[in-house]
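**Student:** structure, please.
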Amino acid sequence: MQRTIHLIAGLPRAGSTLLCNLLAQNPRFHATSTSGIISIMRAVRVRWPQVYGEKNPQAEAAMRRVLGGILDYYHDDPNNSKPVIFDKSRGWIGALDMAEMALGRKVKVLVCVRDVRDVIASFEKLWRKDTALWQLSQERSRYFDWQTIEGRCEVWMGPKGVVGIPYRGLRRALERGYRDRMFFMEFDDLTRQPRATMQRVYEFIGEPYFEHDFDHVEQVTREDDFMHGIPGLHVIRSKVAPFEPVWPQYLGKAADKYASLNSLWRDAKPKTAETKTPSSSAKPAKG
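**Tutor:** Below you'll find the model as predicted:
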């Protein structure tokens, strides 16, 4: 059957799992857990010229067909008749050109973002919770840097860091002119104004709005968090509610140098009408 494939990417700890499980409430939508198809497509692209040689027009045309077929048939599940697919992977943001070649059209990407300080602080919080039993790969490889909050922040935001990699990928995508393909979904917008935020998502993807139940969100996407090395990394709460910033508690002054990084997408967002401030009676959740 004919399916429309959209992409979900962005920063970690920025609401992508929550977004996927909200989208899954719509009977027309199927949202994946973290998908590995982008890695498979990249592997084909890397290997292809090694087999067929560089700048071979016939081979290049074949590669286009193969990459398109891989992505199409990966989601051609006979047990899933839903016509709209959301493929989630932070790797997509650095491979939009390949995604467009495979799909034969401009992509639409839901880019989940959050105050970078809170993204880092969220990892710090999880690490402190389980450090007695778990040692992250970054801690093993950069043990001495890991001994201070400042050092851990630099590791997470570094060129090989779990936050630094997608952040740099997002910056490259914007520099290359892919802004019109992206909808930036701020974590705070989704948790404080879920209905208005989801309405904007539907407008972006060109689908009729579906009334979501923000008080009862069933988690239908599952991740192997032990593979990711951090227990509890993709567990969501059943009710969408505001979150208080956690960076003041977990990062303190170490957060100061990262405050300006949020301008990357906020300055790139199109001008919109000012939204009302959430009611002060809404009590934020902690975490």
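
**Student:** now do the helix or strand hosting residue 169: distance to the chain's middle.
**Tutor:** Element membership of residue 169, judged by DSSP states H and E, is helix 164-175. Put simply, helix 164-175 sits 12 Å off its chain's centre (CA atoms, centre = their mean, to the nearest Å).

**Student:** partners of the following helix or strand past it in the sheet?
**Tutor:** Once helix 164-175 ends, the next helix or strand along the chain (criterion: DSSP H and E) is strand 182-186. Take DSSP bridges as the rule and strand 182-186 pairs in its sheet with strand 109-113 (parallel).

**Student:** export the partner strand as CSV, just CAs?
**Tutor:** Taking C-alpha atoms only, strand 109-113 is exported to CSV below (Å, rounded to 0.1, in the frame of the first residue of the first chain):
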residue,chain,number,x,y,z
VAL,A,109,11.2,16.3,9.9
LEU,A,110,9.8,16.8,13.4
VAL,A,111,12.9,18.1,15.3
CYS,A,112,12.6,17.7,19.1
VAL,A,113,14.6,20.3,21.0
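
**Student:** quick one, it and helix 164-175 angle?
**Tutor:** Using axes from the mean of the first three to the mean of the last three CA atoms, to 10 degrees, one finds that strand 109-113 and helix 164-175 are set 130 degrees apart in direction.

**Student:** could I get the average pLDDT for strand 109-113?
**Tutor:** Mean pLDDT, computed over strand 109-113, is 98.

**Student:** one more: stretch 258-274?
**Tutor:** pLDDT averaged over stretch 258-274 gives 78.

**Student:** please apply the same query to stretch 187-197.
**Tutor:** On average, the pLDDT along stretch 187-197 is 97.

**Student:** show the end-to-end separation of it, please.
**Tutor:** Criterion CA to CA, to the nearest Å; first-to-last residue distance in stretch 187-197 is 10 Å.

**Student:** go on, stretch 152-163?
**Tutor:** End-to-end span of stretch 152-163 (CA to CA): 11 Å.

**Student:** run through who's touching that stretch.
**Tutor:** 11-12, 116, 119-120, 123-124, 127, 138, 142, 145-146, 164-165, 167-168, 251, 254-255, 258 (CB atoms under 8 Å, 6 or more residues apart in numbering). Yep, even glycine has a C-beta here, placed from its N, CA and C like the rest.

**Student:** low-confidence regions, the protein specifically.
**Tutor:** Applying pLDDT under 70 to the chain flags residues 1, 223-234, 269-287.

**Student:** do a quick rundown of the strands in it.
**Tutor:** Counting by DSSP state E, the chain has these strands, from start to end: 4-10, 29-34, 84-88, 109-113, 182-186.

**Student:** out of the ones you listed, which is closest to residue 132?
**Tutor:** Between residue 132 and these, the tightest spacing by CB to CB is seen for strand 29-34, at 26.5 Å.

**Student:** got a list of contacts for the helix holding residue 169?
**Tutor:** Contacts to helix 164-175, defined as CB under 8 Å, 6+ apart, come from residues 9-12, 90-91, 93-94, 96, 111, 113, 116, 156-159, 182, 261, 264-265, 268.

**Student:** mind redoing it with 6 Å?
**Tutor:** 11, 90, 93-94, 96, 157-158, 264, 268 (CB atoms under 6 Å, 6 or more residues apart in numbering).
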